[in-house]
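[1] Here's a sequence, model it:
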Amino acid sequence: MNPHSHCNFPSTKLSPDAKALAAEAITAHGTLGATTLKVKTAPTTTQLTGGKSLQEVHPGFLNARRLQEMVKKARTTAHPEGEEWIGLCNQREKDRQLPFEKQYIQACHAEGDIQLCIAMYPAQARIFHLADYLVIDYTFKRIYGDLNEWEIVVWHPSHNERTTVGRFLCNKQNREAFRLLWRKLFETVDRLTGRPLHYAVIHKSGTLKGHCLDAEAAQVQGLADELVFQVKTADPADLALTVDWQSMTNDKLGNYLAQLVTKLCTAHYNRDVDAIAGASDEDKRIIKNFPYLKTEHNVKDFYIWCLDHHVPGVLNWYKNKVPYPWYFSGYNQNVSPMPYEHWIAVPWHTNEAESAHPLSNRLGGTQLTALAAIEQSRKMDGDVMRAFSARDSQAIPSKKTLIGRLSHNTNRRISTLKKVEEKQARNTELQQLETERAQNQERNKMINAAIKSLKADAKNGKKGKSASAGSSTPSTSARRAPPSLMDSPSVDSPSVVPTLPGNRPCPDLPANFSSYTPAFQSPNTAFAFLSPPYTPSATTDALSEARPGATSSPSQSRNALYHTDFTLSDDFDITFS
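    Just a heads-up that it's a prediction; the model follows:
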């Protein structure tokens, strides 16, 4: 053996080619938010390996720790400051070097223990001045860690679609944090557009009619503090307020200003009502109906009903909401100072923001680091802004006009109604069939019981017939009497002897037997099925005289009659054999 040769690599040790392949796969996937699982399952990795898994390419990848260490090293090399708050601040400094229109991270602001990152393109900031209202909601699923995303959505009037215009990452959700968040929102829009963002009911230069939020108290309180600051620092000539706001305290003025511009989401309201402990379904129905009360008198009756309620949960729920004047006014227009035309322009739910969350989660992923989430948002929002720019430059109008949306909405409702009606019809038919099946099953039970009873009766009757027949065997050519003839009359009832038409005597009977011509009286007597009517014979004694060898016993006389074979001719003559 050559003393300078080296042994072969162990099969579980990554070769240089395998390491190069893994590094290329990590780079193709991207280091931001990269994990071992994401790199393994990425489409780019499958393309690099020719459709095989990394474990199939080299057995060293069966040890997951090897790829994990490579991913961690690549992330650390690409982002030495990390992917959380410090990484965001570092990326903000890099964005400053970009052209103005391409800058996405606009600010990373820290105040005390509050950390706030603001991300939006200048093109997004300009859309604020086109919108009639804002829809704002927090999302907690997308980012893993202390920072959560505050997403601002508007309805773009030119392109007729929901548009995300800003993303704010913050690590706190208290009143002071929201005050800072609102202030930085207005300041950022002013800086990027050169035009302040105001509410029309407060400032004459304002364009916003209002906004819809969830019922987070700190969020509205922070807004109230910011609006008080704006009013007190604004040009008096620009203020549109019609009340003596200077005589109000800061809290009273803040609550009033918040009520002027705030509507609350009824979906959040209904979920809150469903959580009331001890409330019956009727109680919850009454509380959920509050947003639809038409008069102030009805609203006052609702307040009294809550105060006098015997369920502690309902009373505690009401007492918890009373300290916030903007709460009930955010749901019912009759107790809100917001102008009616503004009230109807602002939606009564945050669905526009809620529906934007799944889109961001699907395109960008969930449980991301803060920096990875911002970079994913940079790409998503950039794609939307470029699409808007292309549509404007080509003068291609959106098909999602108001008439089109209403038409689509109507068609969806009609389709839903048809499906409901079809389902109800199927359920009705199914119930009818089930009812018929149950009735048929009960009828089958009755029929089976009757058949069983008849079979038992027939079996018992056959045994009795064999015993009474003895050795007598009827002629095969003779026609037996119907079953009614087998009924045994009582001992005292007269025996019946048939006569022929015209009261002719039957053959083999004495001539003097023809003098017995009484009429039939009983429907069960023998030969009652023959026509014309026949007359019964005399008593059993007469039959005994007519039949030689017959005894005078009534039962024996009946047996002799029942076992007499006969045939019927066409003229109803009877022939005895």
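[2] In this structure, spot the helix with the most residues.
    helix 402-469 (DSSP state H).
[3] how close does Ile396 sit to Ala390?
    Noted for Ile396: a distance of 8 Å to Ala390, by C-beta to C-beta, to the nearest Å. Backbone N, C-alpha and C define where each C-beta goes, glycine included.
[4] ditto for Val201
    Val201 is 36 Å from Ala390, by C-beta to C-beta.
[5] Same drill for those two, tell me which one is more crowded.
    Val201 (20 against 10; other C-beta atoms under 10 Å).
[6] Next up, the contacts around the more buried one.
    Counting by C-beta atoms under 8 Å, 6 or more residues apart in numbering, Val201 makes contact with Lys209, Gly210, Ala240, Leu260, Val261, Met338, Pro339, His342.
[7] now with 7 Å?
    Ala240, Leu260, Val261, Pro339, His342 (C-beta atoms under 7 Å, 6 or more residues apart in numbering).
[8] what about the longest helix of the chain, average pLDDT?
    If you average the pLDDT over helix 402-469, you get 85.
[9] again with stretch 90-101
    Here the average pLDDT along stretch 90-101 is 94.
[10] Can you give the domain ranges for the protein?
    16-78, 85-265+349-394, 404-447, 489-576 (automatic domain parsing).
[11] Identify whichever of these lies nearest to Phe328.
    Evaluated with C-beta to C-beta, those place domain 85-265+349-394 nearest to Phe328, the distance being 9.2 Å.
[12] from what I can see Glu354 touches Ile136, true?
    No - here Glu354 does not reach Ile136: they are 11.0 Å apart, not a contact under C-beta atoms under 7 Å.
[13] When those two are compared, which one has more neighbours?
    Ile136 (24 against 18).
[14] after the helix or strand encompassing that one, next one along is what?
    In the assignment (DSSP states H and E), Ile136 maps to strand 133-139. Proceeding N to C from strand 133-139, the next assigned helix or strand is strand 148-156, under DSSP H and E.
[15] Let me see the mean pLDDT of that following strand.
    For strand 148-156, mean pLDDT is 92.
[16] Also stretch 228-247?
    94.
[17] buried ones in it?
    Val228, Phe229, Gln230, Val231, Ala234, Leu241, Trp245 (16 or more other C-beta atoms under 10 Å).
[18] Which members of those residues are the farthest-apart pair?
    Farthest pair in those, by C-beta to C-beta: Phe229 and Leu241, 14.5 Å.
[19] rewinding a little: among the buried residues of stretch 228-247, which are in helices?
    Checking those against DSSP H, those in helices are Val228, Phe229, Gln230, Val231.
[20] Give me the distance between the second one and Glu216.
    When C-beta to C-beta is the yardstick, Phe229 and Glu216 sit 20 Å from each other.
[21] do the same with the third one
    As defined by C-beta to C-beta, Gln230 lies at a distance of 21 Å from Glu216.
[22] hang on, the earlier thing: tell me the one of the buried residues of stretch 228-247 nearest His109?
    Phe229 (16.4 Å).
[23] Low-confidence ranges, this protein, go.
    Judged by pLDDT under 70, the chain has its weakly predicted residues at 1-11, 357, 361, 363-364, 399-400, 402, 462-577.
[24] again, 50 this time
    Within the chain, the segments meeting pLDDT under 50 span 1, 471-496, 500, 509-577.
[25] hang on, the earlier thing: can you tell me which of the buried residues of stretch 228-247 comes closest to Gly404?
    The closest of those, once distances to Gly404 are taken by C-beta to C-beta, is Gln230, at 37.6 Å.
[26] The strand holding Ile136 to strand 148-156, inter-axis angle?
    Orientation note: strand 133-139 sits at an angle of 150 degrees relative to strand 148-156 (axes from the mean of the first three to the mean of the last three C-alpha atoms, to 10 degrees).
[27] Put the alpha carbons of strand 133-139 into CSV.
    Extracted C-alpha coordinates of strand 133-139, given in CSV (Å, rounded to 0.1, in the frame of the first residue of the first chain):
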residue,chain,number,x,y,z
TYR,A,133,-61.7,54.3,5.1
LEU,A,134,-59.1,52.1,6.7
VAL,A,135,-59.5,48.5,7.9
ILE,A,136,-56.9,47.5,10.5
ASP,A,137,-56.3,44.2,12.3
TYR,A,138,-53.5,42.5,14.1
THR,A,139,-52.2,39.1,13.0
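[28] how about the strands in the stretch 101-250 of the chain?
    Listed in chain order, the strands of the stretch 101-250 of the chain (DSSP state E, counting those that start in this stretch) span 105-111, 114-119, 133-139, 148-156, 161-170, 210-213.
[29] Nearest to Asn316, out of the ones you listed?
    Judged by C-beta to C-beta, the one of these that comes nearest to Asn316 is strand 210-213, at 23.2 Å.
[30] which residues sit against the closest one?
    Here strand 210-213 has contacts from 133-136, 199, 219-220, 261-265, 338, 342, 346-347, 349-350, using C-beta under 7 Å, 6+ apart.
[31] Inside helices: which ones of those residues?
    Gln219, Val220, Val261, His342.
[32] could you dump the residues you listed to a markdown table with neighbour count?
    Formatted as a markdown table, the ones in helices among the contacts of strand 210-213 follow (neighbours: other C-beta atoms under 10 Å):
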| residue | neighbour count |
| --- | --- |
| Gln219 | 25 |
| Val220 | 24 |
| Val261 | 24 |
| His342 | 20 |
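[33] which one of the residues you listed sits closest to Ile304?
    Nearest to Ile304 out of the ones in helices among the contacts of strand 210-213 is Val220 (C-beta to C-beta; 25.4 Å).
[34] how close does the closest one sit to Asp214?
    10 Å.
[35] cool, His129 as well?
    For His129 relative to Asp214 (C-beta to C-beta), the value is 25 Å.
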